[in-house]
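1. have a look; sequence and predicted model below, questions after that.
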Amino acid sequence: MSENQYQPAKVWTWDPEAKGNGAKTNRPTAGPTHEQTLPVGKHPLQLYSLGTPNGQKVTILLEELLALGVQEAEYDAWLIRIGDGDQFSSGFVEVNPNSKIPALRDHSITPPLRVFESGNILLYLADKFGHFIPSDVAGRTETLNWLFWLQGSAPYLGGGFGHFYHYAPEKIEYAINRFTLEAKRQLDVLDRQLADHRFLAGDKYTIADIATWPWYGNLVLNNQYGGGEFLDVQSYKNVVRWAKEIADRPAVIRGRKVNRAFGAEPQDQLLERHDASDFDTNTEDKRQARGEQ
């Protein structure tokens, strides 16, 4: 054994300064760290989020619902800066005790109903408005098969492959190999399903696609982790075809901009969304041109 090889202590203790301890975005205890009330806008649906893949799921679905003319799906999207610890405020913890984005509060119900976990938010909104989830038992079950597949698989892609390949302060061969193997296996699962189906659950675009695209669609379109060549994503031709088709949907283009505070050009960042007109007037390029901070 190398004398520099890490040996776990008998009892782990948190060192906020240690590599990989995520002191700015996580901690080993739950509950709020500070008192702060969440803002509430003019619409019944209040979303508190950040434009990560999990955040994009919800804003894409809301924009898809609005594109269908479901005006009740109008929403306010408030930016939660997880690097600043906004997710540990008393107001956010009240909506999501797990302190993870996205979190939704539905004020059309008295008292307002909290909805957390991105997959559950998608299911809640699809059921509430009657779109993007089949009404027949077989179609609904197949859609939920893939929605739950995504919820279980994405952590291996993001917290596993993405973290160790792209974000980790040092490259660990064992970890990269382990999660690369799993990421490629997952891509093969999707590729085989999409070989015989236009969308994941069949011929109809559903919340299964809306949940999966921000993770695996962005990945194969080289918009995530910079690992496209490493994973040979172009070899998953059915996934690439599916990803491109969804990427071209106007609601997806809009939804990807909402709460986007990083990783995009200013014209593709809409930090907060309170009205459809914000896409034309309040993207970061427009705000910067006006000299706003």
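-> That came through, no problem. Numbering: from 1, shown residues only.
2. the residue nearest the centre of the chain: which element?
-> Computing the C-alpha centroid of the chain and ranking residues by Cα atoms, centre = their mean puts Asn54 first, at 1.3 Å. Here Asn54, judged by DSSP states H and E, is contained in helix 53-67.
3. before we move on, what about Leu147?
-> Short version: Leu147 belongs to helix 137-155, going by DSSP H and E.
4. now that helix: how far from the chain's centre is it?
-> Offset of helix 137-155 from its chain centre (Cα atoms, centre = their mean, to the nearest Å): 16 Å.
5. so which elements touch it?
-> Under the contact criterion of 3 or more Cβ pairs under 8 Å, 6 or more residues apart in numbering; DSSP states H and E, helix 137-155 touches helix 118-129, helix 173-195, helix 207-212. Using the backbone N, CA and C atoms, a C-beta is placed for each residue, glycine as well.
6. out of those helices, flag the one nearest Glu17.
-> helix 173-195 (21.4 Å; Cβ to Cβ).
7. so what does that closest one touch, helix or strand wise?
-> Helix 173-195 packs on helix 137-155, helix 218-220, helix 228-231, helix 237-247, going by 3+ Cβ pairs under 8 Å, 6+ apart.
8. what do you get if the cut-off is 7 Å, keeping everything else the same?
-> helix 228-231, helix 237-247 (3 or more Cβ pairs under 7 Å, 6 or more residues apart in numbering; DSSP states H and E).
9. got the angle between that helix and helix 237-247?
-> 80 degrees (axes from the mean of the first three to the mean of the last three Cα atoms, to 10 degrees).
10. list the buried ones in helix 173-195?
-> Going by neighbour count (16 or more other Cβ atoms under 10 Å), the buried part of helix 173-195 is Ala175, Ile176, Phe179, Thr180, Ala183, Lys184, Gln186, Leu187, Leu190, Asp191, Gln193, Leu194.
11. show me which of the residues you listed is closest to Gly139.
-> Distances from Gly139 to these, taken by Cβ to Cβ, are shortest for Gln193, at 14.9 Å.
12. quick check on His34: phi, psi?
-> phi -160, psi 160 (degrees, to the nearest 10).
13. give the contact list for His163.
-> If you count contacts by Cβ atoms under 7 Å, 6 or more residues apart in numbering, His163 has none.
14. numbering from 7 from now on, please.
-> Done: numbering now begins at 7, and the last item shifts to His169.
15. quickly note the distance from it to Trp20.
-> 18 Å (Cβ to Cβ, to the nearest Å).
16. any idea which of the helices and strands packed on helix 179-201 gets closest to Phe135?
-> Among the helices and strands packed on helix 179-201, if distance is taken as Cβ to Cβ, the winner is helix 243-253, at 19.6 Å.
17. so what touches the closest one?
-> By Cβ under 7 Å, 6+ apart, helix 243-253 touches 193, 196-197, 200-201, 215, 219, 222-223, 226-227, 240, 258.
18. repeat that for stretch 277-295.
-> Contacts of stretch 277-295 (Cβ under 7 Å, 6+ apart): 47, 82-85, 260, 263-265, 267, 272-273, 275-276.
19. now, of those, which are buried?
-> Gly47, Asp82, Ala83, Trp84, Leu85, Arg260, Lys263, Val264, Asn265, Ala267, Gln275, Leu276.
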